[in-house]
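**Student:** got a predicted structure plus its sequence, pasted below:
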Amino acid sequence: MKLAVFRLDELGDFCLFLPYAASLRRVFPEAHLTLIGNAAWMELARSMLDFDAYVPVRTREFMFDWNCRTALLKSLQQEHFSCTLNPRISRYLFLDDLMQLACRAPKNISFAYAPQQAYHWKIGLLQKLLNHLPHFQLVQHTKVHELENLRSFWQTAVPGGAVSTDYRRPVPLVRERPYVLLAPEAGKAFRSWPLENFLFVGHRIAGQTGLECILCGTTPGECGNLTDLRGRTTLTELASLIAGARLVIGNDSGPVHMAAALGVPSIALVGGGGYGRFFPYPAHLPPGVVAPLTIHGELCGKGNCNWQCRRNPEPEELRHCVATIDREQVLASALTLLNR
């Protein structure tokens with residue numbers, strides 16, 4: 001049996017998927033397993049999962065480079081997979097679907113398209129076609145947390161397959177002093193809690209506990225007297241840094257999901273854009289996952305507005321629901337978690 005799994009989204013989504021991906025080796029011990037994933041986190045996947053083959057995809061090149069796209073699709077077709085799994089809710093026609101169709105596997109399992117994904121009438125027609133292909137088994141998703149939808153997907157795709165904690169955990173980074181990790185970056189500036197608030201919380205924690213406070217991310221900048229490792233760590237090194245932390249504080253982004261997957265206490269500072277889909281975590285969790293403490297500001301209604309702010313800010317303007325997160329509340333929550 002040759003089984004392919006598609007996971008072409010971001011680091012946080014991969015971290016939510018880890019316990020399910022790890023279960024495949026136990027359920028199919030003799031199968032040849034291939035992970036087709038985002039090149040941004042593929043080296044981390046190699047270090048944590050037991051797959052037979054890894055296919056890193058640079059998504060932008062795939063979309064805009066004809067030669068790259070043609071070569072990859074042809075190579076997938078030649079693999080002759082028995083089954084493909086696409087556990088991504090927000091499917092994208094020219095990434096996941098095109099690759100999954102190119103495999104021409106006799107069995108394919110993926111989430112059904114939601115009506116809101118048909119952003120153009122032509123896309124809507126293609127989605128309806130894909131939703132009715134006889135060799136595709138579709139799993140319906142609902143407006144609940146990604147972990148709950150993944151659990152439903154796995155019950156369909158791998159009946160009786162228990163979720164596993166068998167992924168290899170990174171070796172915790174050892175430093176002279178215990179430390180708190182601050183992750184002030186997010187995928188978009190409009191959902192990033194201001195850096196000055198992270199610096200405020202970090203300085204107060206350092207002053208009151210004696211712990212080292214470390215900034216992680218990609219772009220060095222202002223840090224006061226905190227330890228700044230931004231732009232100086234690979235993704236696998238970041239995972240080791242998270243694994244050794246006493247506490248991780250971050251935006252709605254990959255580092256907090258990684259902390260949860262590694263059982264490290266964390267605080268997630270979130271707005272209303274994906275509220276309920278990514279944070280807060282649901283009550284039912286895979287084994288070994290520790291739910292982050294979720295703190296949010298003033299939400300418009302119940303949240304989950306997909307970042308289409310009712311206050312009509314400029315496209316890149318910091319959203320009100322993020323800007324109103326109280327830094328004193330974040331500090332108090334951090335000190336409480338550290339004193340447990």
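**Tutor:** All right, it came through fine.
**Student:** in the protein, which spans are strands?
**Tutor:** Along the chain, counting by DSSP state E, strands occupy 2-7, 32-38, 53-57, 83-86, 107-111, 136-139, 179-183, 212-215, 227-228, 247-251, 266-270, 293-296.
**Student:** right, and those - which one's nearest Arg277?
**Tutor:** Closest approach to Arg277 among the strands of the chain (CB to CB): strand 266-270, 10.3 Å. C-beta coordinates here come from the backbone N, C-alpha and C atoms, glycine included.
**Student:** now do that closest one: which elements does it pack against?
**Tutor:** strand 247-251, helix 254-261, strand 293-296, helix 327-338 (3 or more CB pairs under 8 Å, 6 or more residues apart in numbering; DSSP states H and E).
**Student:** what angle separates it from helix 327-338?
**Tutor:** Interaxial angle, strand 266-270 versus helix 327-338 (axes from the mean of the first three to the mean of the last three CA atoms, to 10 degrees): 160 degrees.
**Student:** just the mean pLDDT for strand 266-270, thanks.
**Tutor:** Average pLDDT, strand 266-270: 97.
**Student:** now swap in stretch 221-238 and tell me
**Tutor:** Mean predicted confidence for stretch 221-238 is 91.
**Student:** can you pull the contacts of the closest residue to Leu235 other than its chain neighbours?
**Tutor:** Leaving out its chain neighbours, the residue that sits closest to Leu235 by CB to CB, 6 or more residues apart in numbering is Leu44, at 5.0 Å. With contact taken as CB atoms under 8 Å, 6 or more residues apart in numbering, Leu44 is in contact with 11, 14, 235-236, 239.
**Student:** of all these, which two lie farthest apart?
**Tutor:** Phe14 and Thr236 (13.0 Å).
**Student:** low pLDDT regions in the protein?
**Tutor:** Counting by pLDDT under 70, the chain shows low-confidence ranges at 114-128, 130-132, 302-304, 312.
**Student:** mind listing the helices for it?
**Tutor:** Here the chain has its helices, by DSSP state H, at 11-27, 42-48, 59-64, 66-77, 98-103, 121-131, 146-157, 195-209, 235-243, 254-261, 320-323, 327-338.
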